[in-house]
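[1] Whatever this is, show me its structure:
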Amino acid sequence: MSRRPRPAGREGQPARRAALHLFRAVLEERRTLDEAEPALDGLAPADRARARRLVAEAFRNLTRADALLAPHLRRTPPPAARAALRLGTVELAQGGAAHGVVNDWVAVVAGAGRKAAAARGMVNAVLRKMAGEAPARWADLPVPAMPGWLRAPVVAAWGARVAEAIEAAHAAGAPLDLTAKGDPDALAARLGARRLPTGSLRLPRGAQVTALPGYAEGDWWVQDAAAALPARALRPRPGERVLDLCAAPGGKTLQLAAAGAEVTALDLSPARLERVRENLARTGLSAHLSAEDARAHAGGPYDAVLVDAPCSATGTIRRHPELPHIRDGAGLGALVELQAALIDRAASLVAPGGRLVYCACSLLPDEGEAQAAAALARRPELRADPAALDLPGVEPAWRGPEGLRLRPDHWLEAGGMDGFFVAAFRRVA
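    Residues are numbered from 1 along each chain as shown. Here you go, the predicted model:
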């Protein structure tokens with residue numbers, strides 16, 4: 001008995017349906033992709049990865065998709081239909097098979113509620129036009145710009161050409177960077193990864209993380225090359241008492257523990273701290289975890305303290321392209337005050353002669369260079385420790401008077417890096 005052929009594109013429907021829910025959860029509820037990821041629960045791992053990649057690409061290219069769609073829309077469609085048009089346009093522009101993409105999105109819209117279903121004919125017509133237009137016009141559309149509240153201070157700090165290079169890095173997306181628990185050269189050979197000058201390993205983006213060799217064995221963890229530098233600047237030694245403030249999701253905690261330090265890791269969120277616990281268990285490393293406000297921590301003194309402060313996260317747009325669409329710069333003043341309070345608390349917890357590293361995954365000087373300069377002016381017991389930032393692979397151009405300034409346009413031809421600021425201090429008596 002012969003099997004009936006499957007309708008074209010049907011295999012893509014679970015991922016696309018989930019992508020629609022995830023996209024809307026992020027945009028309409030102003031949640032990050034990580035916060036909204038429960039929308040993907042129940043999907044097979046491959047479909048889960050596919051849905052997340054599609055949504056990330058849509059946010060990365062939302063202004064391009066809207067520019068293509070605008071001439072074909074006389075009025076704003078219902079939310080589900082508009083989301084399907086945006087997601088489908090990005091798929092088509094990036095080489096998706098037109099028949100399967102169009103049919104699938106029409107089917108998804110048909111099942112997305114009464115108002116969306118009423119618009120399925122329009123979705124079908126517009127996406128069929130996009131199948132011809134989007135691939136042909138995509139490369140000529142402008143690179144999406146940073147929002148004004150972010151672009152203005154970036155231009156003021158480094159100029160318009162650097163801002164354009166950062167925008168190009170954001171549009172290109174991020175490769176997959178890993179930190180090895182053991183020998184990075186052996187792991188690079190095993191994975192077929194590129195070893196970066198700073199010691200991180202790099203794979204092309206799009207890999208299914210849990211399917212890579214060594215994941216289940218805990219031989220490595222995902223960590224951007226820039227994010228791996230603050231813990232290296234702290235220079236932890238075996239047996240030292242080290243405090244990791246604001247530790248989740250735990251990459252830096254794992255680095256400190258792998259170096260043999262006795263690590264205390266704090267985070268205000270018990271749920272986020274559970275992710276640190278899971279990562280420690282997978283890698284076979286240990287640390288003392290405590291869910292508490294770091295400003296009230298009463299331990300110490302510690303040989304070294306790492307302050308990975310809550311921040312605007314504007315340095316991570318390569319990997320979190322939704323941020324420009326859900327953030328508007330509000331609350332930045334409160335973040336800067338919190339960062340200063342965390343530095344002050346850390347300074348009181350580190351032993352005389354001990355080391356303190358402050359970092360923030362931000363492109364904004366207010367959260368980086370200005371924060372480090374203010375700490376030195378405010379805390380007479382702190383001294384800048386520029387020698388701590390003499391790390392393998394760190395280029396002279398990244399160094400500034402206040403610390404390391406890492407930007408997405410650094411190593412652009414090799415895939416870039418996150419935006420980060422790193423400052424190192426010593427405590428004197």
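
[2] got the residue ranges for the helices in the stretch 251-400 of the chain?
    Shown for the stretch 251-400 of the chain, the helices assigned by DSSP state H, counting those that start in this stretch span residues 251-258, 270-283, 323-326, 332-349, 369-378.

[3] which of the residues in the longest one are buried?
    Residues of helix 332-349 classed as buried under the neighbour-count rule (16 or more other Cβ atoms under 10 Å) are 332, 335-336, 338-340, 342-343, 345-347, 349. Just so you know, the C-beta spots here come from the backbone N, C-alpha and C atoms, and that holds for glycine as well.

[4] for the shortest one, same thing?
    Residues of helix 323-326 classed as buried under the neighbour-count rule (16+ other Cβ under 10 Å) are 323-324, 326.

[5] What's the local residue count around residue 152?
    If you count neighbours by other Cβ atoms under 10 Å, residue 152 ends up with 13.

[6] does it sit in a helix, a strand or a coil?
    helix (DSSP: H, G, I helix; E, B strand; the rest coil).

[7] Residue 365 versus that one, what's the distance?
    Distance from residue 152 to residue 365, counting by Cβ to Cβ, to the nearest Å: 12 Å.

[8] can you check residue 154 too?
    9 Å.

[9] so the residue lying closest to residue 229 once chain neighbours are set aside bridges to which residues?
    Leaving aside its sequence neighbours, residue 229 sits nearest to residue 422 (Cβ to Cβ, 6 or more residues apart in numbering; 5.8 Å). Counting by DSSP bridges, residue 422 forms beta bridges with residue 359, residue 404.

[10] Contact partners for residue 422?
    229-230, 233, 357-359, 389, 403-404, 406 (Cβ atoms under 8 Å, 6 or more residues apart in numbering).

[11] Let's see that with 10 Å instead.
    With contacts defined as Cβ atoms under 10 Å, 6 or more residues apart in numbering, the neighbours of residue 422 are 226-227, 229-234, 308, 357-360, 368, 372, 388-389, 391, 394, 398, 402-406.

[12] Please narrow these to those residing in strands.
    Counting by DSSP state E, the part of the contacts of residue 422 found in strands is 308, 357-360, 404-406.

[13] would you turn these into JSON lines with pLDDT and neighbour count?
    Shown next, in JSON lines, are the ones in strands among the contacts of residue 422 (pLDDT from 0 to 100; neighbours: other Cβ atoms under 10 Å):
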{"residue": "308", "pLDDT": "96", "neighbour count": "25"}
{"residue": "357", "pLDDT": "98", "neighbour count": "26"}
{"residue": "358", "pLDDT": "98", "neighbour count": "30"}
{"residue": "359", "pLDDT": "98", "neighbour count": "30"}
{"residue": "360", "pLDDT": "98", "neighbour count": "29"}
{"residue": "404", "pLDDT": "98", "neighbour count": "24"}
{"residue": "405", "pLDDT": "98", "neighbour count": "20"}
{"residue": "406", "pLDDT": "98", "neighbour count": "29"}
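
[14] Which single one of those is nearest to residue 319?
    Nearest to residue 319 among the ones in strands among the contacts of residue 422: residue 406, at 14.0 Å, using Cβ to Cβ.

[15] ok, that closest one - contacts?
    Contact analysis of residue 406 by Cβ under 10 Å, 6+ apart lists 198, 224-227, 229-230, 315, 359, 361, 363, 368, 394-395, 398, 416-422.

[16] which of the residues you listed are buried?
    Of those, these count as buried by 16+ other Cβ under 10 Å: 198, 224-227, 229-230, 315, 359, 361, 363, 368, 394, 398, 416-422.

[17] Understood, closing this out.
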